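Trainee: Could you work out the structure for the sequence below:
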Amino acid sequence: MASWFGIPRQDNARKEFPLSHPCSCSHVKIERTASPSRSLNKVEETLVDVIGELIQKSKQTSQGRILVVFEGGHFSTLSGADEFSIHSQQSAFQVADHLIRRFSRDVRIVFGILADDLGQVCHTEQPVCTIAPPAPPALEKAIEIPGTLYDVLKAHKLFSPDKLILLSEKSAKNRGIKWFREYLKSHVANIAERSSGLSVEEEGGLKRLSFTGSDGQSVLVADMTNEWKWISYCPLIMAQHYYDLSQRAQKIFPSTQNRIVVDFSFIDDRGKVCKGAELSLRAYPHKDLKIINVCFADVLGTVFTIDQHSSSQFNHTP
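Mentor: All right, here's what the predicted structure looks like:
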């Protein structure tokens, strides 16, 4: 993922959350201050309208509540939270607050944060990714939410520790490689016929897994030197991440039927997150899921893009 200038973390305020399940910080005493009140900016106004329209359409065809998952606050475990981390999380709260006021009992809200613990790895073809046995839960390394970002979370009235999902890029990479290894084994005929949208080509001693995007361009997913050594690329990481995020959110509100994931990213990552969304909806067993990619061209989101993807666009091959 793209890197931004970091804001130094406040070490005396940082909080640790295990990656094995959604944020389990119910033991943490939350001291709230008044949530900052301000009018919506342009990107937030647009999102309220876009998501509101989707909710209205869902209400016409479904009796269940709609689950909206907002993912802002993306930060690096090396440099901490930067301006984009802070502003995107604040925007997520603003939009969620307005949707709750507008739709009340028809909507359920969950927040997600993706921690970049890969650095620049996903921009290069090294190192080679290998699948290792999962570490026992007790040995899993905790991810620290930087103090500056945690201050934003705890200050807002919508923040609830049991409604926050903290996920890791490194975990998504490893889980994604495992998923597509199994996918290749179970979809041999579909891949050979290209009916699944994915294909494998041999080039320079490598097997290259790719798929054709909605724009007709070929998107590289992974290179395989053999069955166990993989070089993974960002679309694979994001595809797995969106699946993990939607599944975790569904467990928090299991009675919801339709889900909307709203992911805030920087404009440099637009291609990666959008292709990752397409790949996830094409290759994973999503149902009634929409992914909205919001990309800021500046940290305040005064210039932005919004891309929508729906599971109904793709025929998932089971």
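
Trainee: got a pLDDT number for the nearest residue to K42 once chain neighbours are set aside?
Mentor: In space, and not counting its chain neighbours, K42 is closest to T302: 6.7 Å by C-beta to C-beta, 6 or more residues apart in numbering. Yep, even glycine has a C-beta here, placed from its N, CA and C like the rest. Looking at T302, its pLDDT reads 89.

Trainee: Confirm T302 sits in a helix?
Mentor: No - looking at T302 with DSSP: H, G, I helix; E, B strand; the rest coil, it is coil, so not inside a helix.

Trainee: Quick check: it touching T46?
Mentor: No - under the criterion of C-beta atoms under 8 Å, T302 is not in contact with T46, lying 11.8 Å apart.

Trainee: Neighbour count: these two, which is higher?
Mentor: T46 (16 against 11; other C-beta atoms under 10 Å).

Trainee: So, low pLDDT: which residues of this structure?
Mentor: 1-37, 63, 120-141, 315-318 (pLDDT under 70).

Trainee: May I ask which helix or strand encompasses the residue nearest the centre of it?
Mentor: Closest to where the C-alpha atoms of the chain average out (C-alpha atoms, centre = their mean) is Y242, at 4.7 Å. Using DSSP states H and E, Y242 sits in helix 234-252.

Trainee: circling back to that earlier point, could you find the closest non-adjacent residue to the residue nearest to the centre of the chain?
Mentor: Y242 sits nearest to S280 (C-beta to C-beta, 6+ apart), 4.2 Å away.

Trainee: That neighbour looks like it's in a strand, true?
Mentor: No - S280 is assigned helix when assessed by three-state DSSP, not a strand.

Trainee: please renumber so the chain begins at 105
Mentor: From this message on, residue numbering opens at 105, which makes the last subject S384.

Trainee: Return the residues in contact with it.
Mentor: M342, A343, Q344, H345, Y346, Y347, H390, I395 (C-beta atoms under 8 Å, 6 or more residues apart in numbering).
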